[in-house]
Structure formats: C-alpha cells, structure tokens
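S.K.: missing the sequence, but the structure's below:
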Ligand SMILES: Nc1ncnc2c1ncn2[C@@H]1O[C@H](COP(=O)(O)OP(=O)(O)OP(=O)(O)O)[C@@H](O)[C@H]1O
Ligand SMILES: [Mg+2]
C-alpha cells in the first residue's frame, strides 16, 4: 500500500478537491483505493455522500483495528472505499496525545490494512499539529496544493523550514499549483518564480474552474460526473504524474 | 463483508411484478442493462468453490473472485497464451500465487458456462448514496442446445459499511414471498444443470447406524469406494492431473482393507477372489504413481541440489518423463481392458445383490457396531505391539510393516466413523495421522533413494551428461538420506504420543464391548 497525503497548512486551497478526484482516478484504474477523511469538517465524506456511524469517534479511530474495519464504507465507485470522519476529530490531537508513540499512531493504524489497498489517500485538515506530524510519518508522499499568491508561497516555505527543523525528509514533499487563474499576472509571475526555485513542483496546474466548484452540488468527483471535461482531464494529468512518482504503472481498467 | 444473496423467480414474467412491488417500497434507481458470458473453472473436486473462490473466464480475461471479501484478481488470457491448466501455466503474480495455494497439483477444468442478461438497480439512502445493489438476471446455464436451461434470479449485493441496509433489503425481498437460494452463482447454476457444487470427495463419506446388519453395512462402504474409483477413471485415462490416480488408488486400497472385514460375513471365496482382483489393479498402477510423484518433486529436487549439480537433473527427468508416458499408456489400456471391465461388473453385481442373499454367512446379520469395535480393537492392539518392538536396530522393513498396519487401522476408523461420537473419533484420527505422516515420509525417502540408485545404473558414465546425472542423483540420495535419518529420529516421539495412556483410554472408551 502506498500512502499519499493531501496536505497544506493553509485552508481552502484545494486539498479535498484533489484528494477525491485522485482517489476516484486511482480506483478507476482498478487500484484498490481507500480515502481517509481526517478533517472534522468531513468534506470528502460529504462528496461521497457518506456519513460515519453514530457511535464512531476520534478515540475509536486512534484505537484502530476493528474500529477501522467496521467503519470503512464502500463508495458508489468500484475499488474505492472511504473511512469517514466525525466532528469529534476536532479532538484528534488530544486522542493521539494519549497514545504511546503518539507521533506514529496513524502509521501503526494504517499498517493493519496495508494488504487490503494499493493506495491510501489522506485528506488532511489544515494547520500544523500532532495530526499533521502523524500524517508526515504515515505517508510515503505528501502533496501540497499551492495557490500562486505571495501568502500561500510564504506558508509553503514555512512548511519546508518545519521539515528541516524536525528532520523530516523534504524529498517526499511535492507541491502543485491549485486554483490557478491564468489571467492574473500575479499568479503567472509567482508560478514562474517558484518553478525556477528547484523545489519538487509538479507540472500539472489545477485551474480555477466552476465545474470543480460544483462538486459540492453534485456530491461527486468531477472526474465522475463530467469525465470528458477539461477539469477531469487536468486531474487525470495530475494523477498520472503522481502515479509515476509512486513508481506504479497504469493498471488495467 | 457479506456475500450476495440470491432469490429465485418462478419465471421471467414474475420479474415485472416483483420489480414494481420493490420500487413501491424502496428507493431504487437506475436500470443499467448488461450482458455477460462466463465460463466457470474449478478443479474436479471444486477446491476453489470450497475455499469461497470463483474462477471465471469472461471476455478473454481470467478472473479470480474471493466471495468472502468481494475482492478479485484478473489477467488478460489472450496476452498470456490461452487457458491455463495448472497454476504454473500462469505468469508470476498474485493471481498465480493465490491459485497455487488453493488448487495445488490439481488441474483446472471447465465446470459450467452461463450467459446472463442483467438489469442493475441501486438502492439509495436519503443522501442519494448507494447502499446496496439489486440485479435481476436471466441466466442461461450450460452451453449446447438441448441441455440449456434458463433460470431467473434476483441478486441482492451488499456494500461495505452498509450491513443494516442490506439486511433490510433482503428481508423486504423475502417478505414479497421470494425464496432465498443457498450459495452463489456457481452453485446455483450447477444446481440448475442437475449437479451439486463441491459434491465430490475422496473421503469415505458413508453414514451407517449401529444396528445395521454387518453384511449390508460393508456393502454400503464398499459401494461408496467403488463409486470413487469409477468417478476417477476418466480423469486417469485423459490424464487430467495426478490426483485422479491418487484418489483411485486410495479407494482400491481401502477396498482391500474392507474386504479383510468380510470374515464371518461373506464366504471366503468371495473375499479371496476380489482381494486378488483389487491387488492386481493396485499393483498395475504402482509404477505410474511412483513416477507421478517424481515429476511433482522436480522443483523440490532442484532446490535440494547445489546449483552446480542441477543441470544433471535434466537428463534424469527426461528418462522419468518417458517412463511415465509409457506407464500412463499401459495403465490407461488396463482400465479400458475387458478383464478390468469384467472384474468391476462382477464386483458391482455382488454389491447390488439384495441381502440376505444366499452367499451371506451368519455374521452378516449381526449389528455392525460389534464388528466395527472388535476389528478396530484388534488393529489397534496389533499396531501398538508392532510399534513397541521397534528400536534402533529395526529395519526399514519393520517400519514398513508398522506403516501398513497403521494404514489399515486408519481405514477402519474411517469406514466406521459415523458410528462413533464425531469429536472423539477425530481426536483418535488426529494422533494416528501424526504417526502415519512420520512413517509415510520415512518410507517415501526410502523408496526415492532406491529408485535413484536404479537410475544411476542406467546412466552412461563415459559421457559428460551421464556423469552429471550420476552426480546429481548421488547428491539427491545423500540429501534424502539425511532427511530420512531426521524423520526416523522423530518416530519415537510420535509413537509414544499415539501409544500413550490418553489414547489408550480413548480407544477403550470408544471401542470396548460390542
Ligand atoms: N480548482 C478549483 N476551482 C474552483 N473551485 C475550487 C477549486 N478547487 C477547490 N475549489 C473550491 O474551493 C473550496 C475549497 O476547496 P477544498 O475544500 O478542496 O480545499 P481544502 O484545502 O480541502 O480546504 P480545507 O482546508 O477547508 O479542508 C471548495 O468550495 C471547492 O469547491
Ligand atoms: Mg478539505
């Protein structure tokens, strides 16, 4: 199982949008895929119309084992399952803090399902916390959506500093541009500047598109409800790039 | 995850009505049509089915489904050179590994073909999330013309994480008056074709009762063994895989053991005659079975040898393959011969003769439980006595004699298993089996070494190739000898456990009195 995280310190940058479309694309290529919603807001659960069971909560989640097994739900798409989040994930930090090896708890939980899935995709809440450190330890690759604005870029640099300070391997960290408005000259300049900076920047840029925004209305990945659209095609390009990074080929569909 | 639940519709016309009534009470959406053609493959004894797996060929792909968790593995058959017979015919990968662990040495055979036209519907919850699927299927079973049968099914498919909704769905369908069908599409389709999935077993699966007259009970056991023999004949002749002969031979050996139980039940003449016939059949298949075992061990032998000696195995296996081909031809001819057919007919005729018939002795009317207890008791005592006499100076022959004795005891236990409490008889068999495995392996090592020595004398030591093979055979012999010594060293432990107080008490409990 290969674990991918969609992460950024900033909120509202397109993490969830990317997570659900990438997960859908992976599963459509017959990779057995699990998307794990770590955000108490439950946006990715919402996109798949899935609600967690009433008695599920953050302390059960961190216990792992059968609590994970019992709460994974099949989405409407073959090969794609989802572990929904609960509002109580607001306390995930506290729940993790109570555990031994609290920074490696997620890694340990996910190890128990590593033979069930080819890809695990983590949709992370914004911010930097014990949850995000768990994500860094549990993930093979971390993908950061980057809106090409000064503030976003500054935040990304903060993340790189954090990785250096905590001795996480920044080689596993990749950024891609998100919500790009090509008409804005600021966006263009920002992107050019960063791409020349020698960081891991993916080639695919996700533009700002109304059909992506409409995912909230349709409650489906755009790659599912408008598979022929430009937006779907661009996410497919992003997936292909990411699949390549993880060293996997195109699986048969 | 749970499996699909099937329901049988009386006929095609019931479908519209059922669908309407379902739509009245359930939020069903979509109506996707699909057609598919599947050929189900399995081993002769349905090993895949028994492990909850289904293997199909559809659209040029081979698909292995695990009905336990709903997962599947597949591969493109056209790209991989057509239909596989054995696991090793497949390219390396998880599909091959999974198949290997289930089917082992058995060949895959086409079992049943189905062509289905389905309408798929989704059951949704209040968020529009699909929580279960419903399929209406018209399934045509069996390929050609006259045997074609059409069945109409309703399949309810669960989704992970929505067990409650699934339960409600199946209850709803049952309440419409539809009968839930046991099993999966494989067993239902086979049922429609008049067969039962997983019905074949090489085990002695007879049910006797304690008061049954001995003559009748023996005939029940012997008839079941004959049936096993007959079922395996075609597979041997057509050389499907090596298990057909194996099962056939076990049935023959069991028959010979059962014949020994005939004393006081049927006249000596009957026993002697058929004992001779079945010994003959067994003996004529010895060579083929020995050679089969060699060929199955090729990989193991290769592993045993240092790489430098491995090339010497090729000429050796060339000889074995040629010999095996010849042995197979001979035994297939034997099975097709008039003399074999006449033996079997005469045997069948004897087994079918109504009891009490003129040829039964007074013992034929005595309740079988007495016979069972007495004979098992005697065999047990004899095995214990023989085993106790074995020490460091005992010969391979002595161990061989004990092995045969244990085998007979095992067969008796199996014939009469249904007369005794299941748990206890299983416990006895478990301990006996541990001892038998040890003796069997020991004997195996012995036989293999002898045979390899025989090959050495056939090799031409003046040629490079001959010398390499002699070296390889020599390497194998010493390796086998080491293993044999190891196995021998474990014998006493196994025997002690079998001969111990606990087993003795269990034997006394189960088999004293009459
Ligand atoms: N490329 C895009 N074009 C237009 N709208 C987008 C795009 N990507 C995301 N959005 C919209 O922007 C909002 C935020 O996106 P999203 O939820 O994916 O971000 P996020 O980083 O996961 O946010 P959070 O940090 O709150 O979890 C959503 O309403 C989404 O529909
Ligand atoms: Mg989000």
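M.R.: Arrived safely, thanks for sending. Only a predicted model underlies this, so the values are computations on that prediction, with no experimental measurement involved. Ligands and ions are numbered 1, 2, ... in the order given.
S.K.: contacting residues for the residue of chain B found nearest ligand 2?
M.R.: When scored by Cβ to the ion, chain B has residue B:127 as its residue closest to ligand 2, at 18.7 Å. (Glycine included, C-beta is placed from N, CA and C.) Residues in contact with residue B:127, defined by Cβ atoms under 8 Å, 6 or more residues apart in numbering or on different chains, are A:49, A:51, A:219.
S.K.: if I look at it, how far off is residue A:50?
M.R.: In this view, residue B:127 and residue A:50 are 8 Å apart by Cβ to Cβ, to the nearest Å.
S.K.: again with residue B:273
M.R.: Applying Cβ to Cβ to residue B:273 and residue A:50 gives a distance of 73 Å.
S.K.: From the contacts of residue B:127, which land in helices?
M.R.: Among the contacts of residue B:127, no member falls in helices (criterion: DSSP state H).
S.K.: So which of those is the closest to ligand 1?
M.R.: residue A:219 (11.4 Å; Cβ to the nearest ligand atom).
S.K.: Now that closest one. Nearest residue, chain neighbours left out?
M.R.: Here the nearest residue to residue A:219 in space, its sequence neighbours aside, is residue A:49; by Cβ to Cβ, 6 or more residues apart in numbering or on different chains that works out to 5.3 Å.
S.K.: so how far is residue B:98 from that neighbour?
M.R.: The value you get for residue A:49 to residue B:98, if Cβ to Cβ is used, is 33 Å.
S.K.: Report the buried members of the contacts of residue B:127.
M.R.: Among these, those scoring as buried are A:49, A:51, A:219 (criterion: 16 or more other Cβ atoms under 10 Å in any protein chain shown).
S.K.: Return the member of those residues nearest to chain B.
M.R.: Nearest to chain B among the buried ones among the contacts of residue B:127 is residue A:49, at 3.5 Å by Cβ to the nearest Cβ.
S.K.: which ones are touching the closest one?
M.R.: Counting by Cβ under 8 Å, 6+ apart, residue A:49 touches A:76, A:219, B:125, B:127, B:128, B:129.
S.K.: Okay, strands next: where are they in the stretch 1-150 of chain A?
M.R.: For the stretch 1-150 of chain A, strands defined by DSSP state E, counting those that start in this stretch occupy the ranges A:2-6, A:33-37, A:73-74, A:80-83, A:119-123, A:141-146.
S.K.: Looking at the shortest one now, give me its mean pLDDT.
M.R.: Per-residue pLDDT values over strand A:73-74 give a mean of 96.
S.K.: Alongside chain B, which residues does the stretch 51-200 of chain A contribute?
M.R.: Contact residues, the stretch 51-200 of chain A versus chain B (Cβ under 8 Å from any Cβ of the partner chain): A:51, A:71, A:72, A:73, A:74, A:76, A:81.
S.K.: Is the spatially closest residue to residue B:417 that is not a sequence neighbour part of a helix or strand, or is it coil?
M.R.: Take residue B:417 and drop its neighbours on the chain: the residue closest to it by Cβ to Cβ, 6+ apart is residue B:425, 5.4 Å away. Reduced to three states with DSSP: H, G, I helix; E, B strand; the rest coil, the structure at residue B:425 is helix.
S.K.: Residue B:425 contacts residue B:418, doesn't it?
M.R.: No - under the criterion of Cβ atoms under 8 Å, residue B:425 makes no contact with residue B:418, lying 9.0 Å away.
S.K.: These two - which one has more neighbours?
M.R.: residue B:425 (20 against 17; other Cβ atoms under 10 Å in any protein chain shown).
S.K.: In the stretch 101-250 of chain A, which residue sits closest to ligand 2?
M.R.: residue A:123 (5.9 Å).
S.K.: burial count for the closest residue to chain B within the stretch 51-200 of chain A?
M.R.: Nearest residue of the stretch 51-200 of chain A to chain B: residue A:73, at 2.9 Å (Cβ to the nearest Cβ). Residue A:73 is flanked by 22 other residues according to other Cβ under 10 Å.
S.K.: Who are the contact partners of the closest residue to it other than its chain neighbours?
M.R.: Once flanking residues are discounted, residue A:73 sits nearest to residue B:161: 2.9 Å by Cβ to Cβ, 6+ apart. Residues in contact with residue B:161 (Cβ under 8 Å, 6+ apart) are A:50, A:71, A:72, A:73, A:74, A:81.
S.K.: So for residue B:161, what pLDDT did the model give?
M.R.: 93.
S.K.: Find the helix or strand that it is a member of.
M.R.: Residue B:161 is part of no helix or strand, with elements assigned from DSSP states H and E.
S.K.: Quick check on it: phi, psi?
M.R.: Per-residue torsions, residue B:161: phi 90, psi 0 (degrees, to the nearest 10).
S.K.: gap between residue A:214 and residue A:208?
M.R.: For residue A:214, the distance to residue A:208 - Cβ to Cβ - is 13 Å.
S.K.: Sorry, slip of the keys, the one I care about is residue B:42.
M.R.: 55 Å.
S.K.: what does residue B:250 give?
M.R.: Residue B:250 is 73 Å from residue A:208, by Cβ to Cβ.
S.K.: lowest average confidence, helix or strand, in the chain?
M.R.: The chain I'm using is chain A. When the helices and strands of chain A are scored by mean pLDDT, DSSP states H and E, helix A:185-195 comes last with a mean of 89.
S.K.: my bad, chain B
M.R.: Min over SSEs of chain B, mean pLDDT, DSSP H and E: strand B:72-76 (a mean of 86).
S.K.: quick one: that one near chain A?
M.R.: Yes - legend: contact between strand B:72-76 and chain A by Cβ under 8 Å from any Cβ is shown at B:74, B:76.
S.K.: quick revisit: so who does the residue of the stretch 101-250 of chain A closest to ligand 2 touch?
M.R.: Contacts of residue A:123 (Cβ under 8 Å, 6+ apart): A:6, A:15, A:16, A:19, A:20, A:35, A:36, A:37, A:38, A:39, A:43, A:44.
S.K.: Show me what it bridges to in the sheet.
M.R.: Beta bridges link residue A:123 to residue A:6, residue A:37, judged by DSSP bridges.
S.K.: Sort out which residues of the least confident helix or strand of chain A are buried, please.
M.R.: In helix A:185-195, counting by 16+ other Cβ under 10 Å, buried: A:187, A:190, A:191, A:194.
S.K.: same check, this time on stretch A:161-180
M.R.: Neighbour-count burial for stretch A:161-180 flags A:162-163, A:168, A:170, A:172-180 (criterion: 16+ other Cβ under 10 Å).
S.K.: Endpoints of it, how far apart?
M.R.: This stretch, stretch A:161-180, spans 25 Å end to end (Cα to Cα, to the nearest Å).
S.K.: Need the three-state assignment for residue B:34.
M.R.: Assignment for residue B:34 (three-state DSSP): strand.
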